[in-house]
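J.: any chance you can model this:
(chains A, B, C and D)
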Amino acid sequence: MGTDRILILASAACAYPGADAVGQAHLSYPANTFVLRVPSPVVFPESFYYDSFEKGIGGIIVMSCGVECPYEGAYEKLAARIDRVSLGLKEQGINPRRLKLTSICTVCTKSFLKEVADMNSILAYEGAET
Amino acid sequence: MSLRADPTLISEIERFGAADVSACFNCGNCTAICPLSKGETVFPRKVIRYLQLGLTEKLEASPEPWLCYYCGECSETCPREANPGEIMMATRRWLISRYDWTGIARKLYTSKVWEVGLTLAVSLFVVLLFVLFHGPMLTDRVSLNTFAPVKWVEYGDWIMAATLSFFLLTNAWRLRRFVMGDVRAGPSIYLSEISTFLSHAMTQKRWRECDHSRMHWLKHFLLVTGYATMLILIMVLLRWFQTDGWNVTSLFGYYATAVLLYVSADMMIGRLRKRHEIHRHSHPTDWMFLILLFLTSLTGILVHLLRMGGMPVPTYVMYVIHLAVAVPMLVVEVPFGKWAHLLYRPLVIYLVTVKAKAKSTVEATETVPVTT
Amino acid sequence: MNRAASTETVDTLVIGGGIAGLQTALDLADLGLQVAIVEKEPSIGGKMIGLSKVFPTLDCASCITTPKMAATAHHENIRILTLAEVESVTRHDEDFSVRVTLQPRYVDEDLCIGCRLCEYACDADVADEFEGGLSAHRAIYIPFTNAIPQLAILDPMECNLCGQCAVACPTDAVVFDQKPREIEITARSVVVATGFETTPMGAKEEYRGNEIVNVISPLTMERLLAPHGPYGRVLRPADGKVPDSVAFVQCAGSRDRSLGVPYCSRVCCMYAIKQAMLLSGALPFADITIYYMDIRAFGKGYETFFQNASAMGIEFVKGKVARIDEAGDRNVEVRFEHIDELGQVEERTHDLVVLSLGMLPAADLRDRMPISVSSDGFVTVPKPTIEPCRTNEPGIFVAGTAAGPKDIVDAIAEAGAAAMAVSGYLKKREPAGDAVCAVSAGMEIR
Amino acid sequence: MNSEEVKIGVYICHCGGNISDKVDVEKVAEDAGNLPDVTVSRTYTFMCADPGQELIVEDIEKHGLNRIVVASCSPSLHETTFRSAVVRGGLNQFLYEHVNIREQVSWVHASTGEATAKATTLVRAAIARVRHHEPLSLIRVGATSRALVLGGGVAGLRAALDLAVYGLPVTIVEKSSRLGGQVAEFGTVFPTGESGAELVRTLVRDVSALEEITVLTGARVTGATGYVGNFTVMVEQERGDGSTEDLEIPAGAVIVATGSRPYEPDMGEFGFGQFPEVVTLPDFIQILNETRADGDLTVNGKMIRRAAFIHCVGSRQIEGIQKPKPGRPLNENCSRICCTATLKAESDLIEKFPGVFVYDLYRDIRTYGRNHEEIYERASRDGVSFLCYEPATPPVVTMAAPDDTGNLLITVKDNLTAGMEIEVAVDLVVLAVGMEPADVGPLAESLKLPAGADGFLQEVHPKLRPVEMAVAGVVLAGTCQSPRDIEESCASASAAAVKVAGLLTRGHVDLEPYVARVNADRCEGTGICLSQCEYDGALKIVESVIDGRAIRKAVVNEALCTGCGACVAVCPTRAIDINGWTLDQFEAMVDAMCADPVEVASD
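T.: Numbering: from 1, shown residues only, chains lettered A, B, ... in the order given. Reported below is the predicted structural model:
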């Protein structure tokens, strides 16, 4: 298992089934990934991200439905929040690329694998801090 | 170079007795079930395919129809009940008509009027000859050789043999041209394989490779021996065979007659019962051949019996009837009809061997590495 | 579960507890109708519960079937009769009177707790039909892991009457002298969901399916591939060898007039491709060949599935196998014309050959009920286009493969349609103040 | 509730070998068993099977469990299964937590050690979360006793008829001016040979006879709001005078039956658009129907003696061979009906004009359905000549020489003739075009209806829930879901109808309780949450006077709240949460994930 744990906040309508689709296709990705199913990642306050890094999470991939989001305006709010947290992380000297917002659809198996691979290489090569 | 499809060939072959050519959906079951289909010569599907697409030239050049002995396994196991065996049979008829440059074969196969008409015409001609030219009819004793002097009959035999051979051999020559196509083979290759021709012609041994038809082969082989015996008796030994007394050739005559009567009767019964695939479908020409063959044998032996029984007039009449059946049978069947397969089958096997040998010789020469 | 009084009245009697019957029953019960399922086997689940994984999603068949089985068993509006065979369905005014024979289980259904102590005590081994005969169960046994009901059954033909099971049973549930019972059910409507059987292994003589041990049926291959199959891995039956080369012979029981089945069985292409894919997972180095005439990957996502299989290295050979023979080392030789390879006749030897058998109707319904049946034995649907589940007898409907070959997806959709047709029919029959709502009022959601 | 002692039952499923082949399930169970408050920790072969579920029920009764965790496959498959088991055990169904160790562990990780470690961590996280679970109850809302069917083709008509006969009011919204869709134009249909127009007439007559059905033709859906049981669909209907009228139709459920359309070949695809003698199958069927049998078949004034039909146009497309059209991905899939439809059209052609010779160029003949193989055989016996091509070498259609037997020349490498190149001269080329989904319109955007990669609408699961969509209350009928023939469309329509009947028959719908809830003790009435809420009326600030002081508190309308959680993130006092998805729960899970890593055994 990779040393750094990756937390994946996956929307129940899109990204979570997308992650299931990866499994159904029997594709493979590293086991340092922990998928958390949420109705929408918009639910998490900024503090959640800071706390999670504090607790020792290496990277967070927020997998939302993007513009396909079943909830009105949720994606825009989420995107704005992630932008703010990224700035905040930078200010705190934390590599902001350890937090990533992306859209994953129910059949986006390739994108899912790519996001996980990207985050792992960020964790492996860029270091935790800016 | 692409091949042009011709939609009219199917309806053409249907006139020769094929019924289900288009029903075939090209699964390949027939070709793979056939024990004779292997190597370079695979069939029947290939032949059916040429028919479906109307590739006339490909079909004319195909040796495959002659390599099939109609054991019927393909038809029995065909998933579409497309009767590949019968399609092969019809194709052989069609090929006979293609080889025949006179166009008579085609008429005989595609028209019952022609078939029956020509047979009757030749019969009448024979009867007419006898009516006009028969010798004295002795009634106190049986003297066939007075009524129909063996010398004259022998002349007739030879003339007929020469004429029929002419047609048959010219047709066979055309067959050779179709099958060999562009492949050139020198006389030495032709000579070296002549034994292939002879052994197949005499035994039809290829047929024995069919798992299911040993019995059919045996009957056919007997038929051929009977036929050949009779041919020799008539063509070579007639002056001894057509005797008013007793001659040892009669023994051979008994054998030939028995075999011909038994096998032709058996074949007719088979066609009526339709128990075996080979007998399930009958073209009018098949019946005509069998009936004439049977009647020829029957009348032949009746002539003999009447003669032995000392009944002059019935003997003479029966003799005329005998020839009125036998002659049209030979005229119709030998160069233009079913009989021709006795020559065409071994000939095609022979040519296939020659062709393969010629090809391998050419390849061997072409692939010799050029060294300096 | 099998408590069956001598006379019962139900809104719908579903004949057959396979996936189509279960789905029909569930949909009807959700509308508040009282449903009885009559299943001739000791467990519901039908053919599907015996499968390994299902195309094109490759999820495990149990994972789809077992929840539906469980939901059926727990539904308060559904009653299940197993080991029950319908003798006759006759119209009785508006209703149907259905005579059902309950075959003896030799185990008291109310007492058995499915603990399997009887099974452990039993000495007699019997070839396990569920596992394609490749493994054995005892003469008294629970039919299979996921069976519903989880009740033991005794096979009287194989029992050596030692009585050990009765001794071991903690609830005294073993009853050696049980007799068949006949009951009569009054049903306001009937759904025929009797399903299919595969064409017999001996259907095509040239394939010698009954003679050559390493020529197996697709259902046997399903069990070989199932995680809890007879060997737990893929071995060939004749000698337990791990096969290096496996072939599938398509249309071994369909599209062939010479064996009396001219129609396409619709599922064989896809199940063969699925099995081939699973095999290449289980045996990564094995050569897998599928001999076919036309690949019929017609459903949603099926073509992609087929293309993936092809890309994985499974060899698709166009040509109907004409003959199968035993070769040396208990291998199997197939003879075929390689149509898209210049049409040469080839003979290839494989370690194991699967005959992709077709579908025949499982039940002979002629003379048992007033519906018309086609010459091939499938239920006749007079207006298949817009009324795909209606038979020619009002009140009797059909679902799933009883009306013709179908894959699981289509069978399940059709089961829903049958339920709709039944409920519409019952509504039309109802005088005002209908019973459906009355029943549904009794259903409270927890 | 929280005063009660927490007793957790943990169940790890083998899923046959799907999980246990990769994950050491015994080890996972052992680890869980050692955690505080875990009373029972077991493994079982098939947890979803009846005995597996009974394990849970029995343990709840026997051990007094009040929290259940099952680690098995994806929750989309079996979360509800285990909830119902939990209910049978006498617990509230929401005291249950599902862990996905199949799709997201055993199927995606190669190493047994890592997979086991991850599964262990996930189970630990679930145990941490389940402590925070509370009993919840379903929110019962009244349901509009009316279904809306979008699309008036055979599938829509079938579904509407079924529901109306069942006694539910239905509104059919059809965008064109008449009902019946494409089937009305099919001529005769397979496998029965009935007239398509007649079929449609039958259905329309039955529809008209039922007062439960309202038909709106010339009507477009412009949008939709609401949720299962309480949708409002906005419709714009054309009036006779050319003006439009806006309607709002309340519906408890929506059946989408928007159908499909034939693939439109590209310019030059098999000569389409290039030669007037190249037409699509639907066009050809129309030409054939309009021509009298006693005359000649002519297309563009030319008499047809030989025709060729080409299969798989716009279906079974392959990357690298076909080019995608702008805005449309390649259609990899089979369009299912074109083989049978083509073969039937060929026989119809030969029957009507016996002199015409027909070629059929195919890849695989897919006459899979009941009585379809017979249609193939009939076409064969009618004399159709078949040629089989490989996708990599498709037939090429060119202009023939002026003196040739046809206007067009098709060259094709024929698989059935040892790969020889065959040339056929024809007067007409008919392209068997595939099916594309029709435009679903604004409904899809308004209700966020998911579509698959092929553009067809996506069901939840092809076998578990084949006609339902991820959006509750919206079901699928007919070819908007995937290509299918009339029979299959009608079967799916009836299956969709039975789901709607089940939903609306009781007059109410029970919604999941995942909505916002306010902790009144913490709420300071800042109103920040309100600024984030996009759903009118879902959240409001209520002022009340308690002990003489004006107190402002946020209040949730449960029927209107969608539980998106936008409000949760901004509350400065953490006074608002989503039922069943609380921040405490998520944080507990992250804590568990960050705890000491599970030891990884080497493989």
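J.: does residue C:9 count as helix, strand or coil?
T.: State at residue C:9, reduced to three classes by DSSP: H, G, I helix; E, B strand; the rest coil: strand.
J.: how about the nearest residue to it, chain neighbours excluded?
T.: Distance criterion CB to CB, 6 or more residues apart in numbering or on different chains; nearest residue to residue C:9, sequence neighbours excluded, is residue C:186 at 4.4 Å. For every residue, glycine as well, the C-beta is placed using N, CA and C.
J.: cool, residue C:308 as well?
T.: Closest to residue C:308 by CB to CB, 6+ apart is residue C:277, at 7.5 Å.
J.: could you dump the helix or strand containing that neighbour to CSV, C-alpha only?
T.: Assigned by DSSP states H and E, residue C:277 belongs to helix C:268-282. Only the C-alpha atoms of helix C:268-282 are listed here, as CSV (Å, rounded to 0.1, in the frame of the first residue of the first chain):
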residue,chain,number,x,y,z
CYS,C,268,-26.0,-19.3,-26.8
CYS,C,269,-23.7,-16.8,-28.5
MET,C,270,-23.6,-14.6,-25.5
TYR,C,271,-23.2,-17.3,-22.8
ALA,C,272,-20.4,-18.9,-24.8
ILE,C,273,-18.6,-15.6,-25.0
LYS,C,274,-19.2,-15.0,-21.4
GLN,C,275,-17.9,-18.4,-20.4
ALA,C,276,-14.9,-17.9,-22.7
MET,C,277,-14.1,-14.7,-21.0
LEU,C,278,-14.4,-16.2,-17.5
LEU,C,279,-12.3,-19.1,-18.7
SER,C,280,-9.6,-16.9,-19.9
GLY,C,281,-9.6,-15.3,-16.5
ALA,C,282,-9.5,-18.7,-14.7
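J.: who does the helix or strand just after that helix pair up with?
T.: As assigned by DSSP H and E, the chain's next helix or strand after helix C:268-282 is strand C:287-292. Strands adjacent to strand C:287-292 in the sheet, as given by DSSP bridges, are strand C:245-249 (parallel), strand C:315-318 (parallel).
J.: got the angle for strand C:287-292 vs helix C:268-282?
T.: Angle, strand C:287-292 to helix C:268-282, by axes from the mean of the first three to the mean of the last three CA atoms, to 10 degrees: 180 degrees.
J.: elements contacting the following helix or strand past strand C:287-292?
T.: Proceeding N to C from strand C:287-292, the next assigned helix or strand is helix C:302-311, under DSSP H and E. With contacts taken as 3 or more CB pairs under 8 Å, 6 or more residues apart in numbering or on different chains; DSSP states H and E, helix C:302-311 sits against helix C:268-282.
J.: pull out the buried positions in the helix it packs on.
T.: C:268-280 (16 or more other CB atoms under 10 Å in any protein chain shown).
J.: check stretch C:148-166 too.
T.: Within stretch C:148-166, the residues scored as buried using 16+ other CB under 10 Å are C:148, C:149, C:150, C:151, C:152, C:153, C:154, C:158, C:159, C:164, C:165, C:166.
J.: wait, what's in contact with the closest residue to chain D within the stretch 151-300 of chain B?
T.: Taking CB to the nearest CB, chain D has its nearest neighbour within the stretch 151-300 of chain B at residue B:181, 15.5 Å off. Applying CB atoms under 8 Å, 6 or more residues apart in numbering or on different chains to residue B:181 gives the contacts residue B:61.
J.: got phi/psi on it?
T.: Backbone torsions of residue B:181, given as degrees, to the nearest 10, read phi 60, psi -130.
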